[in-house]
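S.K.: structure of the sequence below:
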Amino acid sequence: MTKIAFNMSVSLDGFVAGPNNEVDQVFAWYGAGDTDFRFTRTGDGPPFRVSAASARYLAAHTGNIGALVTGRRTFDLAGAWQGAPPLGVPCVVLTHRPPAEWSRAGSPFTFTDDIEDAIAIARRLAKGGDVALGTPTVLRQALARGLVDEISLDVASVLIGAGIPVFGTTGSPVALERLEAVAGTGVTHLRYRVLK
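M.R.: Got it, this is the predicted structure:
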């Protein structure tokens, strides 16, 4: 059964990036270990160097991802990942302004302006795999509609003090059940089930 799950690296004080979109501190743990790890199914590019505990955790929770839902801001900041979506899976971009250069047959990206539509498209593209939600804005919209099954945070050992918050205002309480807590080098991985 397809699971709708959010994962993000975040500072201990709840920011996914600093005030100027800087992410080096929340992602420092990706180079703080002694174990090679690759996210993409193709195995291209250099591996991350994480702790053995982080590598086991990531392998257990990323191998079944079949599609990604992300926001237009992240899509633009990443330069459309040079046409190769993260994790090597189809990518649905939530936007009111689909970019013409990627809105064509054969594009690895699909565009929509509705979160329910985005998740429905991603479910089809995932072909039985899980759907990963890739930005705080997407998470907040999906939470508001009751569409999120799991939330996992890679809590980096840093306080940023200001920036882009992971949650912001959720509008109403969201009950969670902790499923897992794993200590890595420079990071603690927390995984929760969203109680509906």
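S.K.: now the residue sitting nearest the centre point of the chain. Its backbone dihedrals?
M.R.: The chain has residue 134 as the residue nearest its centroid, 3.2 Å off, counting by C-alpha atoms, centre = their mean. Per-residue torsions, residue 134: phi -110, psi 0 (degrees, to the nearest 10).
S.K.: surely it and residue 72 touch.
M.R.: No. Residue 134 sits out of contact with residue 72 when judged by C-beta atoms under 8 Å, with a separation of 11.5 Å. Quick note: C-beta positions are derived from backbone N, CA and C, even for glycine.
S.K.: anything in contact with each of the two?
M.R.: Taking C-beta atoms under 8 Å, 6 or more residues apart in numbering as the contact criterion, no residue touches both residue 134 and residue 72.
S.K.: what residues does the residue nearest to the centre of the chain make contact with?
M.R.: Contacts of residue 134 (C-beta under 8 Å, 6+ apart): 6, 8, 68-71, 74, 86.
S.K.: next, the distance between the ends of stretch 126-141.
M.R.: 20 Å (C-alpha to C-alpha, to the nearest Å).
S.K.: how about it: buried residues?
M.R.: 126, 129-141 (16 or more other C-beta atoms under 10 Å).
S.K.: now stretch 10-30
M.R.: So for stretch 10-30, counting by 16+ other C-beta under 10 Å, buried means 10-11, 14-18, 23, 25-30.
S.K.: report the two of these separated the most.
M.R.: Maximum pairwise distance in the buried residues of stretch 10-30, criterion C-beta to C-beta, is 19.3 Å, between 14 and 30.
S.K.: what pairs with residue 112 across the strands?
M.R.: Beta bridges link residue 112 to residue 94, judged by DSSP bridges.
S.K.: what strand or helix carries the residue located most distally from the centre of the chain?
M.R.: Using C-alpha atoms, centre = their mean, the residue of the chain lying farthest from its centre is residue 105. It sits 25.4 Å away. Assigned by DSSP states H and E, residue 105 falls within no helix or strand.
S.K.: quick check: phi and psi at it.
M.R.: Torsion angles at residue 105 (phi, psi; degrees, to the nearest 10) stand at phi -60, psi 140.
S.K.: residue 99 too?
M.R.: According to degrees, to the nearest 10, residue 99 has phi -70, psi 130.
S.K.: pLDDT wise, what is it at?
M.R.: Turning to residue 99, the model gives it a pLDDT of 89.
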